[in-house]
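Chemist: With the input below, show me the fold.
(chains A and B)
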Amino acid sequence: MIGLSHFLIISAALFCLGLLAVFTRKNAVNVLMGVELILNSANLNLIAFSKYSAAKIDGQVFAAFVIVVAAAEVAVALAIILTMYRIIKSVNLDRADTLKG
Amino acid sequence: MENNLLVPIVFYFFAAITIGSAMIVVFARNLIHSAFALLFTFGGVAALYAFIGADFLAATQMVIYVGGILVLLLFGVMLTHKLYDLNLKAETYQVGPGTAAVLVVFALLVTFMLRTRWFSGGRGGDDPTTAAIGELFMQDYILPFEVASILLLIALIGAAMIVRRRPE
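Modeler: Down below sits the predicted model:
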């Protein structure tokens, strides 16, 4: 039978893959993809707990709010990345070191 | 229904799609391949939502993530690379330490998830959730709902302001 722990382990794997993308990728768009994976894993956790616990449907409402915030986040992040590309002609995160002392 | 053999097969099928395509997202050398693998990850997660009975969120996931966020990410790839540059190589760094740290995090997470005795109130029903979520939005969560709408408006205006060409 498929239980809560199955979903938790899938969500942990998604989270770790997203974390790996954030850690090891130099391309800003690729890092953003990793952040999306992390947000999806959090949503999967929220929905799994709302299903397999005594709580009611509130976890799904929380997941809907997470989706809204993710949409806002990706819009602003892509605007920043496009501006960065226009200024330094690259989306390599190592090149964004203008503020470095 | 719980003893049906089909249920675990469907679950593991979509779980394999989700994790496998997420691995392609992270390990692909080509940025376009990553973006298209993300399509299958989002679709797999939506299928898991539907599997667990969250039908409204499965539809929302398909519409917002696949229809909106993925298209935005593809725009981001296209606009920040030369279109005819066929080898959009994804550079990596810190691969060794990053992988080690992530493996430790994963081991810790799985250990604690399996060891913790989660409170179990039994499995919720399989009723359609859309009406219940709508009532919660309009009753208990009316303030966060309005704040979220203002947040979306601010993000829309802010993103347009950031990418605007300044006349100088």
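Chemist: Now stretch A:16-35: buried residues?
Modeler: A:16-35 (16 or more other Cβ atoms under 10 Å in any protein chain shown). Every C-beta, even on glycine, is put in place using the N, C-alpha and C of the backbone.
Chemist: go on, stretch A:77-95?
Modeler: Those would be A:77, A:78, A:79, A:80, A:81, A:82, A:84, A:85, A:91, A:93, for stretch A:77-95 by 16+ other Cβ under 10 Å.
Chemist: So which of these are in helices?
Modeler: Those of the buried residues of stretch A:77-95 mapping onto helices are A:77, A:78, A:79, A:80, A:81, A:82, A:84, A:85, per DSSP state H.
Chemist: so which of those are also by chain B?
Modeler: A:78, A:79, A:80, A:81, A:82, A:85 (Cβ under 8 Å from any Cβ of the partner chain).
Chemist: Which of those residues sits closest to residue A:101?
Modeler: Minimum distance to residue A:101 across these is 21.7 Å, recorded for residue A:80 (Cβ to Cβ).
Chemist: residues near the nearest residue to the closest one once chain neighbours are set aside, how many?
Modeler: Excluding the flanking residues, the one nearest residue A:80 by Cβ to Cβ, 6 or more residues apart in numbering or on different chains is residue B:162, at 6.2 Å. The number of residues packed near residue B:162 is 15, by other Cβ atoms under 10 Å in any protein chain shown.
Chemist: In chain B, what residue spans correspond to helices?
Modeler: Assigned by DSSP H, the helices in chain B fall at B:6-27, B:31-51, B:55-60, B:70-79, B:95-115, B:130-138, B:142-163.
Chemist: rewinding a little: of the buried residues of stretch A:77-95, closest to residue B:114?
Modeler: Nearest to residue B:114 among the buried residues of stretch A:77-95 is residue A:77, at 34.3 Å by Cβ to Cβ.
Chemist: Point out where chain B drops to low pLDDT.
Modeler: Flagging of chain B using pLDDT under 70 yields the residue ranges B:1-3, B:82-90, B:120-125, B:168.
Chemist: Now with 50, please.
Modeler: Counting by pLDDT under 50, chain B shows no low-confidence range.
Chemist: Point me to the residue sitting closest to the centre of it.
Modeler: In chain B, the residue lying closest to the centroid (Cα atoms, centre = their mean) is residue B:42, at 5.2 Å.
Chemist: That one and residue B:94, how far apart?
Modeler: According to Cβ to Cβ, to the nearest Å, residue B:42 and residue B:94 sit 27 Å apart.
Chemist: do residue B:74 as well
Modeler: From residue B:74 to residue B:94 the distance is 26 Å (Cβ to Cβ).
Chemist: more crowded one of the two?
Modeler: Ranked by neighbour count (other Cβ under 10 Å), residue B:74 and residue B:94 place residue B:74 first, with 17 against 13.
Chemist: Go ahead and confirm that one touches residue B:34.
Modeler: No. Between residue B:74 and residue B:34 there is no contact under Cβ atoms under 8 Å: 10.5 Å.
Chemist: list the residues that contact both of those two?
Modeler: Here residue B:74 and residue B:34 have no joint contacts, going by Cβ atoms under 8 Å, 6 or more residues apart in numbering or on different chains.
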